[in-house]
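Participant: with the sequence up front, the predicted model follows.
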Amino acid sequence: MSDLRKKTFVITRFDPDKDEVPKTQTYQIPVRPDWKVLDALNFIKDEVDGTLSHRWSCRMAVCGSCGMTVNGEPKLTCKTALSDYGDTVAVGPLSNFPVIRDLVVELEGFMEKFKAVKPWILRAKEKAPEEGVYRQSPEQLEAFKQFSMCINCMLCYAACPVVGNEPDYLGPAAIALGHRYNLDSRDEGDAERNQVFREEGGVYSCSYANECSEVCPKNVDPAAAINQAKFLAVVDWAKSFVSSPPRRK
Amino acid sequence: MVEVVRHDIVIVGGGGAGIRAAIAAVEADPKVTVALVSKVYPMRSHTVSAEGGAAAVVPGSDDSLDKHAYDTIKGSDFLADQNVVDYFVEQAPLELTRLEHWGCPWSRNEDGSVATRPFGGMQIPRTWYAADKVGFHMLHTLFQHCMRFDRIVRYDEHFVTKLLVDGGAVKGVAALDMREGTTRVVLGRAVILATGGAGKCFPFTTNGTIKTGDGMALAYRAGVGLKDMEFVQYHPTGLPGTGILITEASRGEGGYVINSEGERFLVTRDYGVGQKAELGPRDMISRAIMQEISAGRGIKGPYGEYVQLDLRHLGEAKIMKRLPFVRELSMTYAGVDPVHQPIPIRPVVHYMMGGVDTDVTGATDLPGLYAAGECASVSLNGANRLGSNSLTECLVFGARAAVEALKYARGASDGNEGALRRQGDEEMGRIDALRGRKKGGEKIAQVRREMNLAMERGCGVYREQATMQQTGVELAQLKGRYADLALEDTSKVFNTEILTALELGNMLDVAETIAVTAMARQESRGAHACSDYPKRNDQKFLYHSVAFFTPAGPRLEKKPVTITRFQPEERKY
Amino acid sequence: MGRPADPLAMSPSRPGRTRTAPPVMPAEFPAQGRYRSYMLFGACCVFFLLSSLLVLRVVDALATGPDAWDELLRQFRHPLYLAYNVAALAGFVFTARRFLFQLFAKSQPPRIGPFPRPPLAVFPPVLGAAWLAATALLFCILWGAFP
C-alpha cells in the first residue's frame, strides 16, 4: 500500500451504557485515494476498533442508510470522496436527531412524520388489477417524478434549522413525499393531505432556509415541494368553503 | 428473560418479497396481524438498488405468456420448473399492474400506457421500467403502501438468529433487537423467509453489505434443503473494485461492450449469443468477457482487468432520459462520464438462482416455513436468471407464499409457548456469550476476506474441479476458525460487531453449500461453467441439487425438474 | 459540535427504549455558512416592522393636514432617519433578492389554474425587469414627474 497516505479521523462516540454524553475518539489510518468516507469508517471498524457502530448498506447512494455529519455538514458517506477533505476529517451523527449510539440516530420520529402525510394513493374508487393500469402521460409523470426520488436519507432534516427548533414540524422529506402524492394524477387525496399540511407543524413552519435542497444528494428539491405545498394548501382551504367535503375511500 | 410477541404470521425480511407478502396477507384476511421482521428499516433493503426493470407480458400487446415462459425456461438452461414458470408469467402482469395502482411511477409511452424496454434473453421487449431506478421505485411504493395497514406490525432492525420449531413445525423466530441488544421471540403459526441472496460471500458483488444469506442459513440449519446453490449469477457489467451495478438496461438501450482494442467482441466473435449480441443472457456475456480478458484483450486496472461499456453513441439526451442513474454512478464511483467516455466494467456476483427449496406455493418441506424472493429457489430461474424477472418474482411469490402461509396458519396450532420461550432464552444466552468475547485468535474481517477469496477462486465465472475442491477444504477450515473469533464490543445497544459476526456465520454455511454442490455438478449448465466438463449433460445432470445440513458438511440429494411443455434443447441465441 | 437543539427534536411520540444523546443543531448554525444569510433574512423583519410604523406616521400626517406634513418631512431630514432609510433599503433589497430570485421560481406549483408554469429560467429576468420598472415608476412619482 505504497501510494497510501494517512488521514486523521475524529469520530463522535456515544454508548448509553458507558457514556454520560457523546465524546470524540481519534483514529489515524492509511487511506486509498479513491476512497469515500464510508470506506474509511469500514476500515476503522474492521481493522482498528470493532466497537464503532454505523449504518450502511448499498454503498451506491440509493438506500439512504449512511447519512452522517462530515466536517460539520450532513453527507452521504458512501458518496463523499475523502479527497475532498484535508488531513483531518470529523465524522459525527446527523444533527437534529437523538443519538442511539455512535453514528446511529433515532429514526422513529421520522417514521411517524412520514406516515402522517399519508404517503399512499388515495382514491374514491380503485381499479382491479385485471382492468389494467391507470393511464398517465409522460407529462403527468414529470409533474411529480422529481419529488418521488427521495431516498429517506434525512440529510435535509439534519440541515433544517426549523427541525431542530420545532419538534412538531413535519420536515422536508415528509412534506415532499406528501406533495409527490398530491401531484400524482392517479391520487385524489389532496384535500386530506393538505389538511395535515395546514396543521401545527405543517408546511407553514418552513421559514425559507433552503438548506434542505442545498444538501439533498438526489436533487429532490424539497424546498420547492414545501413552498408549492404552501400555496396549494391555501387554495384548497379556500375551495373548501365553496365545495363539499373531499371524496375518498 | 425474553419478551414474547405473537402474530398470525411472521415475515423475515422487508424487501420486495417480504413487503408484498405482508400486504397480501392483510388484504386476504381482515383479521390477521403480520409481523414484518427486518434487520434494516425496509426502505434500505437491497431491492432498492435494482435498476433495469421488471418483466411481464403487456396485456393487449403481441407478446404472449408462452413466449415469456419459453424465454425464461430457455434462459434457465432448462432447469426451471415449468409449472412454476407458467404460474409466474400468468401472475406477472397482474402484479406489476397492482404496483402501478399503488403509485409506482412506471415510465410511460405517449398514450399513457406503460413503456417497455428490451432486456437480455427476451425475444420481445416486456420489461416495465421506471427510468433506471425500478427497484427503488418498487420498494418505496411497496413500503409506503404497506404503511396504510396497522395490522402490519414492523419489527425494524431486528436480526433473526433462529427459527423456533415445536412439534416438528415452525412456530416463530428468535430475533436480536439491535436497539436494546436483547432477544425478542416473535411467534406466528407460519414464517415466511424473504431475506434475499448471499452475494457478500464473494469479494466483488453488486450486493450491499446486508446480503449475507441469513434466511438461507436459518432454513438450512433447521433441516430444510437449499436447492441449486451452485448457480451464482455473475452480472456482466459491474464496476471494477466496488462491484456497483451498471444496469443491463444500458445494453437494452443500445450500449456496446468493447475490449481493449475497441472491438464489439460479442458481435465479431462467436460467444453463442448470435444476433442478440449485448442482449444475450447474462451467463454467456459474463463468460465472453472473462474469455476476452484471458485472451489478453482486457484493460489493466488497480482492481484487476476489465472491459468497457460504451454508451457514447446514445447521446446525452437519451442517456439523461433513460439512464440518468447510470451516468451518476459512473461519475461518482468510476470517475467517468458515459456521455464522453466508456465505462469500465467486469462480471461481478449479482444474484443467487439457488436458495431455500420450495414448491410453487412457496412452501418448504418443514411445516410452517415458507420462502419467497431471491432467498428461495422455487425454481423459477433454474441455472440462469433472465434480467428483470427477479423483481416480478418477488411480487408473484411473495404474494403466493403469504396466501398459502395464511391457509396453513388457520389450521395450525400455536405451539407450546413455554418451550418456545425457553428456546428464545437459550438463543439470548448464546448471543450474550458471543458478544464482546475477547478471547480468540481470529478477526471477523480476516475470516471474511479469506472466505471471499476462496469463493472467488473456486466459484468464479469459470470453475475447475481442483480449485472447487480446494475451496471446499478452505471453507471447512474457516468454519473452524470462525469458532475462535475475538470480539471487542461488549455493549448491548446497537452492537453492529455481533451482527457482523452472526452474518459471517450465515455466509460460511451458505458458501459451503455453493462450493460442494458446484463440485458435484460435473457439467456446464447456465451460470455454472465447469472447465473440466464444458458441455451440458442432460442424461446425467438434469436435476436440482439439494444440500442438507450435517455437522460434517452438506449432504446432497437430487430432485427432478418439472418439465411440461418445453423439452430441453440446445441453448443457442 | 453544534449547540443543543430542542430536546424533543425528531423524537418519536413514545420515548425510545434506550437512552439517547440529545439532538444538536447543525454545526454551522446560526452564524456560519449559509445559515448566516438565513438569519439575516429573518432579522430583516425588523425593518419591515419599523418601516410599517413609519408608514402609519406618514398616513397620519397626511390626514391631519399640510402643517403636520411639513413637520413630518422636517423630522425625516434628521441624520438618524436618513441612516435608518439607507439600512432599511439595504435590508429590503437583500430580502427581495433572496426571496424573489432564489425561492419564488421554485415555489410555483406546476400548474397555475389552467396554465402550466413557465420554465424556471424565465422567472429571474422577468422579476428583475418588473422590479426595475416599479423602482423607476416610484422614483418618477417622488421626483414630481407627475404633477
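Facilitator: Nice, I can see it. Numbering: from 1, shown residues only, chains lettered A, B, ... in the order given.

Participant: CA atoms for contacts and neighbours, from now on please.
Facilitator: OK.

Participant: point out where chain C drops to low pLDDT.
Facilitator: When the per-residue scores of chain C are filtered using pLDDT under 70, the ranges that remain are C:1, C:113, C:147.

Participant: what parts of it come near chain B?
Facilitator: Of all the residues in chain C, those in contact range of chain B (CA under 8 Å from any CA of the partner chain) are C:17-18.

Participant: dump the residue contacts of the residue of chain C found nearest chain A.
Facilitator: Scanning chain C for proximity to chain A using CA to the nearest CA identifies residue C:12 as nearest, at 3.9 Å. Applying CA atoms under 8 Å, 6 or more residues apart in numbering or on different chains, one finds that residue C:12 lies in contact with A:108-110, A:112.

Participant: quick one: least confident helix or strand in chain B?
Facilitator: In chain B, the helix or strand scored least confidently by mean pLDDT, DSSP states H and E is helix B:249-252, which has a mean of 92.

Participant: touching it from outside, list them.
Facilitator: So helix B:249-252 is in contact with B:51-53, B:117-120, B:132, B:278-279, B:311, B:323, B:326, going by CA under 8 Å, 6+ apart.

Participant: kindly report the same for stretch B:182-191.
Facilitator: Applying CA under 8 Å, 6+ apart, the external contacts of stretch B:182-191 come out as B:2-12, B:35, B:170-177, B:368-370, B:405-406, B:408-409, B:412-415, B:421, B:424-425, B:427-428, B:492.

Participant: what parts of the stretch 51-200 of chain B come near chain C?
Facilitator: By the rule CA under 8 Å from any CA, the part of the stretch 51-200 of chain B lying against chain C is B:179-180.

Participant: how about low-confidence regions in chain A?
Facilitator: Low-confidence regions of chain A, defined by pLDDT under 70, span residues A:1-3, A:244-249.

Participant: longest single helix anywhere in it?
Facilitator: Of all the elements of type helix in chain A, the one with the most residues (DSSP state H) is helix A:222-242.

Participant: how about it: buried residues?
Facilitator: Neighbour counts using 16 or more other CA atoms under 10 Å in any protein chain shown place A:222-230, A:232-233, A:236 of helix A:222-242 among the buried residues.

Participant: give me the subset of the residues you listed touching chain C.
Facilitator: Restricting the buried residues of helix A:222-242 to those near chain C by CA under 8 Å from any CA leaves A:223-229, A:232.

Participant: can I get the residues you listed in CSV with distance to residue C:143?
Facilitator: As requested, those are exported to CSV (distance: CA to CA, whole Å):
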residue, distance to residue C:143
A:223, 41
A:224, 40
A:225, 43
A:226, 42
A:227, 38
A:228, 39
A:229, 42
A:232, 41
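
Participant: check the gap between the most centrally placed residue in chain A and residue A:25 for me.
Facilitator: In chain A, the C-alpha closest to the average C-alpha coordinate belongs to residue A:154, at a distance of 2.3 Å (CA atoms, centre = their mean). Relative to residue A:25, residue A:154 is positioned 25 Å away (CA to CA, to the nearest Å).

Participant: same question for residue B:252.
Facilitator: In this structure, residue B:252 and residue A:25 are 49 Å apart, going by CA to CA.

Participant: quick one, helices of chain C?
Facilitator: For chain C, the helices identified by DSSP H occupy C:33-43, C:45-64, C:66-75, C:79-96, C:105-107, C:123-143, in order along the chain.

Participant: what do you get for the stretch 451-573 of chain B?
Facilitator: With DSSP state H, counting those that start in this stretch as the definition, the stretch 451-573 of chain B shows helices at residue ranges B:465-482, B:496-520, B:538-541.

Participant: could I get these as a markdown table with mean pLDDT and distance to chain C?
Facilitator: Written out in a markdown table, the entries for the helices of the stretch 451-573 of chain B read as follows (pLDDT from 0 to 100; distance: least, CA to the nearest CA, whole Å):
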| stretch | mean pLDDT | distance to chain C |
| --- | --- | --- |
| helix B:465-482 | 96 | 31 |
| helix B:496-520 | 97 | 16 |
| helix B:538-541 | 96 | 54 |
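
Participant: just put those in CSV and tack on mean neighbour count.
Facilitator: Shown next, in CSV, are the helices of the stretch 451-573 of chain B (neighbours: other CA atoms under 10 Å in any protein chain shown):
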stretch, mean neighbour count
helix B:465-482, 18
helix B:496-520, 24
helix B:538-541, 12
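
Participant: endpoint to endpoint, stretch A:34-48 covers what distance?
Facilitator: Where stretch A:34-48 starts and where it finishes are 20 Å apart, if you go by CA to CA.

Participant: buried stuff in that stretch?
Facilitator: Within stretch A:34-48, the residues that qualify as buried by neighbour count (16+ other CA under 10 Å) are A:35-46.

Participant: distance to residue A:54 for these - can I get that in CSV?
Facilitator: As requested, those are exported to CSV (distance: CA to CA, whole Å):
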residue, distance to residue A:54
A:35, 17
A:36, 15
A:37, 12
A:38, 9
A:39, 12
A:40, 12
A:41, 8
A:42, 9
A:43, 12
A:44, 11
A:45, 9
A:46, 12
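
Participant: now, which of these lie within helices?
Facilitator: Checking the buried residues of stretch A:34-48 against DSSP H, those in helices are A:37-43.

Participant: from those residues, which two are the most distant?
Facilitator: Comparing all pairs in those by CA to CA, the longest separation belongs to A:37 and A:43, at 10.0 Å.

Participant: I appreciate the help and will end here.
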